[in-house]
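1. prediction below, plus the sequence it came from.
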Amino acid sequence: MKSKIAIAGLGNVGKGLLKMWGQLERWAADKDIDMLLVAAIDSSGAVINKNGIKAKSLLDHKTTYKNLSGFAGFRNINMKGAIDIATPDILIDLTPTNIETGEPGFQEVVRALENGINVVVSSKNHLRSVSALREIENAAKKHGALFLDGPSVMGGIPVFEIMNGMNIKISSVRAILNGSSNYILGLLEEKQFDGALSEAMRMGYAEANYEYDIKGHDSALKAVGLCYRLFGRKISVGQVRLKGISEGHIGIDGIKSEYIRKLKKNRKSVKLICSIERKGDRITASVAPTILDSNDQFAKIEGVNNAIEIKGKANGSEFSIFLSGPGAGGDATASRVAGNLKMALECLRRCGHG
Ligand SMILES: NC(=O)c1ccc[n+]([C@@H]2O[C@H](COP(=O)([O-])OP(=O)(O)OC[C@H]3O[C@@H](n4cnc5c(N)ncnc54)[C@H](OP(=O)(O)O)[C@@H]3O)[C@@H](O)[C@H]2O)c1
């Protein structure tokens, strides 16, 4: 089977994916899948080659020159133009997330699905509203295309994929979903907030718009993803209750070093916790700084790691699972993108596509 793939976005995640492309090609070859990278798109334009682009050369070029101009097959066109010319079977959208507009990726993802193109995303644009989720769902259903969004929530922890392998009626979820706020909280014992934030930015952990992280908006988007994939419910990001440490603050904003040190003396710490609960037919979701005892399993989650505890029932028996690990990072998230791409390729192969 031949499978043409387009990648939009060659930043941290996109470059991580290009680094493991050779490994993916060998996996595919073993399954008689001829995986062809036919388009790679960034903000400077696109490289298109229907016979396949060499991932290693492309990565070297992008790393050296920061853009795609000058690489064989380069065209000064946008995502839409590139997809129309390359006609991929699978589009991988790794472009930035914009909670307000959903662009640059959202409309192109919908258009791709409407054209029967299967899509894997790490972007979170579809999680911003019920209508965005509906648009994606309808386009995918109507045109028989796959939409895989595992990498958009908890980057390197395959929570959707694991829970897809179970049949559990989930009653509650608690999770640390934003690595940069967890990192900042960890530094507050030693540094004031601004110093901790600057370090998180210097390390490349905080989003360019760091308010997404520290004010809990990024966690809220991921809470929408958890509601959708684990509880089968569509909610808007605005329905996730954002709380703060005191009046006028949300997320970890406004938390002071003195406060953290005082908690530590009492063997306590604070973490930005997302809680989702099912009560009857109702699902409620919130993101709030939460005081924890030092022996709580969430209190032990350090640095940019994420964690999730899922509780529910299997045939009436109590079920509980706790997962922790790299919730973000180019390589960890790229690895999840690669895993979702493998699932898409397997699925297409079984359906006798191509
Ligand atoms: N990094 C993580 O750990 C992580 C984890 C989970 C989910 N995510 C999500 O995954 C996505 C990618 O994250 P990232 O860290 O790789 O972001 P990034 O480093 O900022 O990379 C974004 C890429 O998108 C490209 N781009 C920007 N505007 C574009 C446009 N109009 N058309 C085509 N390409 C465009 C950029 O082009 P240039 O290279 O030319 O600037 C860049 O290559 C984001 O939506 C993020 O929220 C990231």
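-> That came through fine. Everything numeric in this text was worked out from a predicted model, so none of it was measured. Numbers count the residues shown, from 1 in each chain.

2. which residue does the stretch 151-300 of the chain have closest to the ligand?
-> Closest approach between the stretch 151-300 of the chain and the ligand, counting by CB to the nearest ligand atom: residue 155, at 3.8 Å. (C-beta placed from N, C-alpha, C; glycine too.)

3. the spatially closest residue to that residue that is not a sequence neighbour: neighbouring residues, count only.
-> Distance criterion CB to CB, 6 or more residues apart in numbering; nearest residue to residue 155, sequence neighbours excluded, is residue 333 at 3.7 Å. Other residues lying near residue 333 total 24 when counted by other CB atoms under 10 Å.

4. can you classify residue 201 by secondary structure?
-> helix (DSSP: H, G, I helix; E, B strand; the rest coil).

5. report the contact partners of it.
-> residue 210 (CB atoms under 8 Å, 6 or more residues apart in numbering).

6. now the helices for this protein?
-> For the chain, the helices defined by DSSP state H cover 12-19, 21-30, 55-65, 79-86, 106-114, 130-143, 159-164, 179-187, 193-202, 211-214, 217-231, 257-265, 330-350.

7. how about the third one and the ligand, any contact?
-> No. Residues of helix 55-65 contacting the ligand under CB under 6 Å from any ligand atom: none, with a closest distance of 7.2 Å.

8. follow-up on the earlier one: check contacts around the residue nearest to residue 155.
-> Taking CB under 8 Å, 6+ apart as the test, what residue 333 contacts is 12, 13, 16, 122, 151, 155, 156.

9. again, only using 6 Å
-> With contact taken as CB atoms under 6 Å, 6 or more residues apart in numbering, residue 333 is in contact with 13, 122, 151, 155.

10. again, but for residue 165
-> Residue 165 neighbours (CB under 6 Å, 6+ apart): none.

11. could you find the closest non-adjacent residue to the residue nearest to the spatial centre of the chain?
-> Against the mean C-alpha coordinate of the chain, by CA atoms, centre = their mean, the closest residue is residue 152 at 1.8 Å. Take residue 152 and drop its neighbours on the chain: the residue closest to it by CB to CB, 6+ apart is residue 124, 4.6 Å away.

12. now that neighbour: phi and psi?
-> Main-chain torsions, residue 124, degrees, to the nearest 10: phi -110, psi 20.

13. thought it was touching residue 97?
-> Yes. Using CB atoms under 6 Å, residue 124 makes contact with residue 97 at a distance of 4.4 Å.

14. how much space separates the closest residue in space to residue 132 that isn't next to it in sequence from residue 91?
-> Spatially, and ignoring its direct neighbours in sequence, residue 132 is nearest to residue 126 (5.1 Å; CB to CB, 6+ apart). Distance of residue 126 to residue 91, computed by CB to CB, to the nearest Å: 13 Å.

15. and for residue 166?
-> Taken as CB to CB, the span from residue 166 to residue 91 is 29 Å.

16. which of these two has more neighbours?
-> Per other CB under 10 Å, whichever of residue 166 and residue 91 has more neighbours is residue 91, with 29 against 12.

17. who's that one bridged to?
-> residue 6, residue 119 (DSSP bridges).

18. quick check: the residue nearest to residue 152 vs residue 133, distance?
-> 11 Å.

19. for residue 313, same thing?
-> From residue 313 to residue 133 the distance is 26 Å (CB to CB).

20. these two: which has the busier surroundings?
-> Neighbours per residue (other CB under 10 Å) separate residue 313 from residue 133, with residue 133 holding more: 21 against 12.

21. tabulate the helices of the chain (a markdown table), appending mean pLDDT.
-> Output for those, formatted as a markdown table (pLDDT from 0 to 100):
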| stretch | mean pLDDT |
| --- | --- |
| helix 12-19 | 96 |
| helix 21-30 | 98 |
| helix 55-65 | 98 |
| helix 79-86 | 98 |
| helix 106-114 | 98 |
| helix 130-143 | 97 |
| helix 159-164 | 97 |
| helix 179-187 | 96 |
| helix 193-202 | 92 |
| helix 211-214 | 94 |
| helix 217-231 | 97 |
| helix 257-265 | 95 |
| helix 330-350 | 95 |
